[in-house]
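Asker: sequence and computational prediction follow.
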Amino acid sequence: MLKMTWLSQLKIKFFSYISHASKGLPRKQCISFFTLLSLFAFSVNAGAALPKKQYSTKTLATQLQSPWSMVELANGTWLITERDGHVVIIKNNAQSRVKLNLEGLYLAGQGGLLDIVLSPDYSNSKEVIFTYAQGDANANWLVVAKATFNGTRFSKPQIIYKVATNKNTPQHYAGRALVLPDNTLLVSTGDGFDFREQAQVITSQLGKILRINLNGSIPTDNPFINHTNPNAHAVYSLGHRNPQGLVYDYDTQQIISHEHGPAGGDELNYLTAGNNYGWPVITNGDDYSQARISPFRDYPGMAKPSLDWTPSIAPSGMAYYGSKHAAFPSLQNHVLITTLVDKKLYAVNLANGEFTQSHIFPEATGRLRDVFVTTEGNVAILTDGEDAKLMLVKSN
């Protein structure tokens with residue numbers, strides 16, 4: 001075990017040197033130039049706001065207690081995780097709350113019950129996948145568990161994977177899960193806050209994106225499957241701090257993540273198997289004390305972010321709005337990102353190579369925890385903290 005050792009209806013173009021490492025594509029670099037304002041440089045284009053269609057908002061759930069993620073079932077039922085181990089069920093306009101029987105749930109700091117995703121065969125299996133923190137103050141870790149849902153109750157979740165590296169801090173679990181088209185599962189893990197160097201250690205599972213099969217076994221084509229230490233076998237990418245956004249762009253067949261930086265240095269990255277994303281060797285952020293974390297902004301063999309947010313916006317959830325989503329056509333080929341510090345929902349354009357950003361749906365205010373795009377293309381937004389809510393934005 002490791003021991004302690006701004007902007008509604010405006011578009012922003014971030015000024016960082018962009019290194020776009022895309023799966024199956026060569027790296028592209030481009031430079032944008034901006035006006036310096038304070039320590040943050042940006043240019044504002046008061047063009048047509050996104051989205052262009054009329055819309056309405058509806059509150060689906062209220063009085064949520066520290067929710068973290070949500071998913072919609074095919075029949076219109078919503079499942080919302082709360083960090084204390086409850087799942088809130090929204091069905092036929094009624095709201096109920098059930099307690100999961102989570103073995104060893106560790107509820108402290110940023111820990112607790114985190115993500116929820118559906119198994120790809122949910123319509124037949126009724127299987128739901130959860131991530132949560134397990135252990136105690138002396139030793140805790142992230143786990144992945146599966147349960148079945150009968151419409152009102154969940155079976156006892158069975159752990160299918162346990163992050164192999166323990167820590168004694170209640171921060172930086174990451175904990176986002178993503179089912180890929182090949183029916184493997186990506187799971188993000190954080191660096192544990194006090195163990196940033198572990199993000200660069202291939203045999204540590206802190207600060208990584210892991211890739212596992214849906215039964216918890218390890219895919220034989222993982223990039224480090226031949227490493228002598230089995231802890232490396234599940235590693236898909238390394239050099240991450242606290243990645244809480246993870247989506248699949250089915251239009252370009254690329255995986256996209258975002259992660260929290262320290263004071264500045266929040267990142268959007270295109271993920272490629274085996275890549276090193278630099279933390280903490282390269283970062284545009286500083287420590288919370290304002291001390292430099294590293295002298296490097298780039299380093300050979302380490303991928304730079306496609307988009308950097310300095311100062312931090314604290315990106316939390318993320319959803320991909322693709323060509324199959326019809327409700328808001330102007331949002332197609334964007335990622336939607338909720339933020340905890342900026343307290344806004346942003347749409348980042350992936351199609352133009354400049355990653356222009358717009359603040360959308362300003363009715364969503366306060367700390368925003370997660371975002372979900374429905375099959376029709378409507379947008380659900382989850383707020384954060386006590387007395388939180390789930391709201392749905394529908395096109396008219």
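Answerer: Perfect, I can see it now. Quick caveat: nothing in here was measured; it's all calculated off a predicted structure. Numbers count the residues shown, from 1 in each chain.
Asker: helix, strand or coil for Glu197?
Answerer: helix (DSSP: H, G, I helix; E, B strand; the rest coil).
Asker: what's the neighbour count on it?
Answerer: By the criterion of other CB atoms under 10 Å, Glu197 has 16 neighbours. For glycine as for every other residue, the C-beta is placed from the backbone atoms N, C-alpha and C.
Asker: so it touches Pro280, yeah?
Answerer: Yes. Counting by CB atoms under 8 Å, Glu197 does reach Pro280; the two are 6.9 Å apart.
Asker: number of nearby residues for Asp286?
Answerer: 17.
Asker: run through the strands of the stretch 101-250 of the chain in chain order.
Answerer: According to DSSP state E, counting those that start in this stretch, the stretch 101-250 of the chain carries its strands in the segments 113-118, 127-135, 140-148, 158-162, 174-179, 184-189, 208-213, 235-238, 243-249.
Asker: make TSV out of those and add mean neighbour count and distance to Ala263.
Answerer: Formatted as TSV, these follow (neighbours: other CB atoms under 10 Å; distance: least, CB to CB, whole Å):
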stretch	mean neighbour count	distance to Ala263
strand 113-118	22	24
strand 127-135	23	25
strand 140-148	22	25
strand 158-162	17	32
strand 174-179	25	19
strand 184-189	25	21
strand 208-213	24	23
strand 235-238	25	23
strand 243-249	24	17
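Asker: so which of the ones you listed is nearest Asn275?
Answerer: Shortest distance between Asn275 and those, using CB to CB, is found for strand 235-238: 5.0 Å.
Asker: does anything pack onto the closest one? Which helices or strands?
Answerer: Packing partners of strand 235-238 (3 or more CB pairs under 8 Å, 6 or more residues apart in numbering; DSSP states H and E): strand 208-213.
Asker: for the strand it packs on, name the packing helices and strands.
Answerer: Under the contact criterion of 3+ CB pairs under 8 Å, 6+ apart, strand 208-213 touches strand 158-162, strand 184-189, strand 235-238.
Asker: could I get the strands of the stretch 101-250 of the chain as JSON lines with distance to Ala61?
Answerer: Output for the strands of the stretch 101-250 of the chain, formatted as JSON lines (distance: least, CB to CB, whole Å):
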{"stretch": "strand 113-118", "distance to Ala61": "14"}
{"stretch": "strand 127-135", "distance to Ala61": "18"}
{"stretch": "strand 140-148", "distance to Ala61": "20"}
{"stretch": "strand 158-162", "distance to Ala61": "27"}
{"stretch": "strand 174-179", "distance to Ala61": "21"}
{"stretch": "strand 184-189", "distance to Ala61": "25"}
{"stretch": "strand 208-213", "distance to Ala61": "30"}
{"stretch": "strand 235-238", "distance to Ala61": "33"}
{"stretch": "strand 243-249", "distance to Ala61": "21"}
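Asker: is it possible to get TSV of those that adds mean pLDDT?
Answerer: Listed next are those as TSV, based on pLDDT from 0 to 100:
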stretch	mean pLDDT
strand 113-118	99
strand 127-135	99
strand 140-148	98
strand 158-162	98
strand 174-179	98
strand 184-189	99
strand 208-213	99
strand 235-238	99
strand 243-249	98
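Asker: so which of those is nearest Gly322?
Answerer: Per CB to CB, nearest to Gly322 of these: strand 243-249, 6.9 Å.
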